[in-house]
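S.K.: got a predicted structure here, sequence first:
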Amino acid sequence: MGKGCDAILAQVDAFLDGERGALERLRFAGHLALCPPCDTYVRQLQEAHRLLRMAATPSEADQDVARRLGAMGTSANKAPR
Ligand SMILES: [Zn+2]
């Protein structure tokens, strides 16, 4: 890896989370354009972040379904009088 890689890689998480200003993001993107190893590394991290979000979403959906089923069960118990 070339000069500046350590500084870039140390901040990758912050950049992926959008915690940096436009000028720093530009410098970050500029480094990736000139440095294939860092570019590859960041792409892998982005993919990992995406998979983590995908993995988190179904569990929330399951909880929503469980709530609806619970609500249906409650109303069904009240219905027969
Ligand atoms: Zn680099």
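M.R.: Arrived safely. Residues are numbered from 1 along each chain as shown.
S.K.: which residues does the residue most central in space within the chain contact?
M.R.: For the chain, H49 is the residue whose C-alpha lies nearest the centre (Cα atoms, centre = their mean; 3.8 Å). Neighbouring residues of H49 by Cβ atoms under 8 Å, 6 or more residues apart in numbering: L16. Glycine gets a C-beta too; all of them are placed from N, C-alpha and C.
S.K.: how about Q11?
M.R.: Q11 neighbours (Cβ under 8 Å, 6+ apart): R20, E24, F28.
S.K.: for the first one, give its distance to D62.
M.R.: This means R20. To D62, R20 is 34 Å away according to Cβ to Cβ, to the nearest Å.
S.K.: neighbour count: those two, which is higher?
M.R.: Shown here are R20 and D62; by other Cβ atoms under 10 Å, R20 has more neighbours (15 against 10).
S.K.: how many residues are close by G18?
M.R.: Neighbours of G18 (other Cβ under 10 Å): 7.
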